[in-house]
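> Generate coordinates for the sequence data below:
(one chain, ligands or ions: 1)
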Amino acid sequence: MLSKRLSSIAEMVDTKVLYDVGCDHALLDIYLSNEKNIKCIAIDKSIDCVNKAIKNVKKNSSNIKVLLNDGLNNIDILENSTVVISGMGTKNIIKIIENKKIDYLICQSNKNIYELRKNVCNLGYHIIDEKIVLEDKYYIIIKFEKGYKKYNEKEYYLGPILLKNKNNTYIDYLYKLKQNIEKNINKYEESKKKKINTLLNQIKEEIEYN
Ligand SMILES: C[S@@+](CC[C@H](N)C(=O)[O-])C[C@H]1O[C@@H](n2cnc3c(N)ncnc32)[C@H](O)[C@@H]1O
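Residues are numbered from 1 along each chain as shown. Here you go, the predicted structure:
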């Protein structure tokens, strides 16, 4: 059975072809191939992970192409397909997608969600869906589509779609974020404090007007 995080990613896939970069166990691909008949290409740069993926694919009788590869290097991405990159850092995600033509991109970064939104959008994408899930911690999953759109700083920090469709998990996340910022406010450099205080006030407003 898929984790809540991987299930939420799976729900966002609505193309016939998927590239899962950093597939590790390939559990997402096995689910999407077996249950939704999606053609999956599972990619990992670690030979151990590729072997693990192949073993899982065989065990589940799935029809999945497993590739040992660094990111999307030398891979032609089909039109109207989705690339998933989850469980990696933002810098790694950006490196993988730079100079690539991707129609739909689903990302779940372990940290720096602000940088993820901003840098992916600067590469010519806009946000079409966002989800937040709580397992051992909060995970934010963002779906992008090709095409520029302008966002403000608040949207890059807090998520344009999450802000529009606030659910209980998101409100709890905002509380935790607020507490965390308040606890650490004195650790920020003077030059960054103004920006952080603005964000803090925006978070408070969102919580209050909920
Ligand atoms: C923490 S696992 C995440 C697995 C899975 N995507 C998930 O969300 O559960 C990160 C995986 O990304 C792989 N990885 C990291 N950088 C990569 C790259 N440039 N190309 C392909 N795989 C990469 C690692 O080998 C590892 O298997």
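> How about residue 32, nearest residue that isn't a chain neighbour?
Computed as CB to CB, 6 or more residues apart in numbering, the closest residue to residue 32 that is not its neighbour in sequence is residue 38, at 4.2 Å. In short, each C-beta sits where N, CA and C put it, glycine included.
> any chance you could read off phi and psi for the one you found?
Dihedral pair for residue 38: phi -90, psi 140, per degrees, to the nearest 10.
> who's in contact with residue 76?
The contact partners of residue 76, by CB atoms under 8 Å, 6 or more residues apart in numbering, come to none.
> pLDDT score for it?
pLDDT, the model's per-residue confidence, is 95 for residue 76.
> number of nearby residues for the residue nearest to residue 32?
Counted with other CB atoms under 10 Å, residues neighbouring residue 38 total 21.
> So residue 142: helix, strand or coil?
strand (DSSP: H, G, I helix; E, B strand; the rest coil).
> What residues are bridge-paired with it?
Beta-bridge partners for residue 142, by DSSP bridges, are residue 107, residue 130.
> Pull the number of nearby residues for it.
Using other CB under 10 Å: residue 142 sits among 24 other residues.
> you'd agree it is up against residue 106?
Yes - counting by CB atoms under 8 Å, residue 106 is a contact partner of residue 142 at 7.2 Å.
> re the thing from before, hang on, the residue nearest to residue 32 packs against residue 14?
No - using CB under 8 Å, residue 38 is not in contact with residue 14, being 9.2 Å away.
> mean confidence score for stretch 115-129?
Stretch 115-129 comes out at a mean pLDDT of 98.
> For that stretch, which outside residues touch it?
Stretch 115-129 is contacted from outside by 12, 90, 93-94, 97-98, 102, 105, 107, 109, 142-149, 151, 155-156, 159-161, using CB under 8 Å, 6+ apart.
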